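> what follows is a predicted structure for the sequence shown.
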Amino acid sequence: MIKQIDPKLYGLPPRTVLMKQDSDEFVLLINRKSRIIMKDALTILKKVEKIKGKVLNASVVLETSAPVCSKSIKFLEEKGIEIISV
């Protein structure tokens, strides 16, 4: 069961859309039309690190409707962040 949770609990900005599947599985939602570039990937990585700092063994999935540049895909996958295109 997926439910939306308050991002402030994990030290994230209040406009961040964060969903929780299980006790340690999180989904970070980004719904926009503009492309996700490397600068955005670095911001996403910082958010994931904050979540992992609060919850040990947390896994975070990025779910987005925006196109993702190839460099960002490679970078995020190397850091263990799965990307799901909607």
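Alright, I've got the coordinates. Model, not experiment: these values are computed from the prediction.

> only the buried residues of stretch 67-81, if you could.
Applying a neighbour-count criterion of 16 or more other C-beta atoms under 10 Å, the buried positions in stretch 67-81 are Val68, Ser72, Ile73, Phe75, Leu76, Ile81. The C-beta positions use only the backbone N, C-alpha and C, and glycine is treated the same way.

> C-terminal to whichever strand or helix holds the fifth one, what's the next element?
Which is Leu76. Under the criterion DSSP states H and E, the helix or strand holding Leu76 is helix 70-78. Using DSSP H and E, the helix or strand that directly follows helix 70-78 along the chain is strand 82-85.

> the residue nearest to Phe26 when sequence neighbours are not counted: neighbouring residues, count only.
By the measure of C-beta to C-beta, 6 or more residues apart in numbering, the closest residue to Phe26 outside its immediate chain neighbours is Val60, 4.7 Å from it. When neighbours are counted by other C-beta atoms under 10 Å, Val60 registers 23.

> how about the contacts made by Val60?
With contacts taken as C-beta atoms under 8 Å, 6 or more residues apart in numbering, Val60 has the following neighbours: Phe26, Val27, Leu28, Val48, Ile51, Lys52, Ile81.

> tell me the strands beside whichever strand or helix holds it, with direction?
Using DSSP H and E, the secondary-structure element containing Val60 is strand 59-64. Paired neighbours of strand 59-64 in the sheet (DSSP bridges): strand 25-30 (parallel), strand 82-85 (parallel).
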